[in-house]
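Sequence first, predicted coordinates after that:
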Amino acid sequence: METFIIITILLALLFDFINGFHDSANAIATVVATKVLSPLKAVTMAAVFNLLGPFILGTAIATTIGKGIVNTQIITVNLIFAALLGATLWDLITWYLGLPTSSSHALVGGLIGSAIPAAGIGSLHASGIETIIIFMIISPIVGLVIGFLFALLIMRIFRKSHPSKINNYFRRLQLFSAAFYSLTHGTNDAQKTMGIIAILLVSTTASASSSIDKLPIPLWVIVSCAAAIGLGTFFGGWKIVKTMAQRVTRLRPYQGFAAETSSGIVLAVMATMGIPVSTTHVISSSIMGVGATDKLSAVRWGIARKIVGAWILTIPAAALISASTYLIINSIF
């Protein structure tokens with residue numbers, strides 16, 4: 001059993017690596033699209049700030065993931081393994097298709113899918129899942145609106161300035177906005193795997209009942225998860241970068257700055273509240289909102305519809321894969 005626990009922890013870190021690999025587009029799409037940084041420099045910067053995120057903005061989301069979705073009393077190694085495998089496979093499928101879906105919601109779907117065959121629907125925390133679904137809807141809307149309004153504000157302030165001057169100014173500022181977004185991205189996404197590993201460790205110890213209320217996050221878990229997502233970001237998922245940076249809309253430096261800053265603000269607020277939201281949804285919608293300031297046709301809404309379709313499919317698809325995996329594993333062990 002101890003060997004299987006170690007294998008499950010390694011799978012969790014692999015999921016975190018793939019999360020960073022899959023979501024690297026979130027952190028670097030705008031700076032690559034506006035040609036502020038080369039792809040290599042962009043992913044290097046994003047990887048560093050993804051690593052720092054959890055240490056600066058805390059680990060409230062890890063507790064929410066660990067305790068807020070599934071009844072902790074039913075947690076087993078088999079359940080966690082099945083949840084992680086379902087989320088990982090869905091991430092790989094959507095990476096192959098070049099779709100920027102949510103690794104966070106894939107993990108939520110994985111937990112739901114493995115918990116239902118393990119202990120029934122009653123084992124789920126309805127309020128926690130409802131909160132995640134509500135913010136799955138709200139967060140991209142907020143990102144779109146803030147991105148749209150922020151870009152309009154910049155256009156209003158600099159309406160009399162020469163375009164070349166504005167571009168040069170915001171090229172420099174975009175370095176800070178991209179770093180800020182990467183910081184909040186690492187804070188949100190790395191924490192979800194921290195919560196999974198922490199609840200696995202607590203549930204497999206003799207003192208589980210006494211320590212479950214606090215759900216301690218060991219330092220080695222924080223470091224390893226942050227490092228895994230940082231390495232994943234460094235190696236990057238270039239298919240998704242192309243979708244985000246080129247196919248949704250064309251961005252100028254001030255628009256990239258607006259999209260990154262708007263997304264970072266939303267993610268920072270959610271992190272301090274301990275609410276897990278999709279970094280993918282937020283940055284995608286912010287890019288759409290910023291692009292729409294030129295004209296609605298500037299956004300390729302056909303591509304956007306495909307992205308939204310993948311968002312909707314993520315939780316049920318990952319849940320289905322995880323449920324099947326759990327049934328197979330449980331019949332073997």
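Yep, it's here. Numbering: from 1, shown residues only.

Listing request: residues of the stretch 101-250 of the chain with sub-threshold pLDDT.
Residue ranges of the stretch 101-250 of the chain with pLDDT under 70: 206-214, 236-250.

ok, 50 please
206-211, 248 (pLDDT under 50).

Show me the strands in it, by range?
Assignment of strands within the stretch 101-250 of the chain using DSSP state E, counting those that start in this stretch yields no ranges at all.

how about the helices of it, start to end?
103-119, 126-157, 163-203, 208-211, 219-235, 238-242 (DSSP state H, counting those that start in this stretch).

what about the nearest residue to G232 once chain neighbours are set aside, distance to S161?
Using CB to CB, 6 or more residues apart in numbering and skipping residues adjacent in sequence, the residue nearest G232 is G20, 2.5 Å away. (Each C-beta comes from the backbone N, C-alpha and C, glycine too.) Separation of G20 from S161 (CB to CB, to the nearest Å): 37 Å.

When the two are compared, which one has more neighbours?
Neighbours per residue, other CB atoms under 10 Å: of G20 and S161, the larger number sits with G20, 33 against 11.

Quick check: the more buried one touching A227?
No - contact between G20 and A227 fails when scored by CB atoms under 8 Å: they sit 9.7 Å apart.

Common neighbours of those two, please.
Listed as contacting both G20 and A227 by CB atoms under 8 Å, 6 or more residues apart in numbering is no residue at all.

quick one, what contacts G109?
Here G109 is in contact with 86-87, 90, 314-319, 322 (criterion: CB under 8 Å, 6+ apart).

Please disregard the earlier target; I meant V290.
Per CB under 8 Å, 6+ apart, neighbours of V290: 147-148, 150-151, 249, 251, 255-256, 258-259, 262.

mind redoing it with 6 Å?
147, 151, 255, 258-259 (CB atoms under 6 Å, 6 or more residues apart in numbering).

Return the closest of those residues with respect to H125.
Proximity of the contacts of V290 to H125 (CB to CB) peaks at G147, which lies at 31.8 Å.

Relative to A42, which of the helices of the stretch 101-250 of the chain is closest?
Of those, nearest to A42 by CB to CB is helix 163-203, at 7.2 Å.

what is the orientation angle of that closest one with helix 126-157?
170 degrees (axes from the mean of the first three to the mean of the last three CA atoms, to 10 degrees).

now for helix 163-203, which elements pack on it?
helix 2-33, helix 39-57, helix 60-67, helix 219-235, helix 253-273, helix 279-291 (3 or more CB pairs under 6 Å, 6 or more residues apart in numbering; DSSP states H and E).

Kindly write the PyMOL command that selects the buried subset of the contacts of G109.
Selection of the buried residues among the contacts of G109 in PyMOL, burial being defined by 16 or more other CB atoms under 10 Å:
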select buried, resi 86+87+90+314+315+317+318+319+322
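
This completes my enquiry, with thanks.
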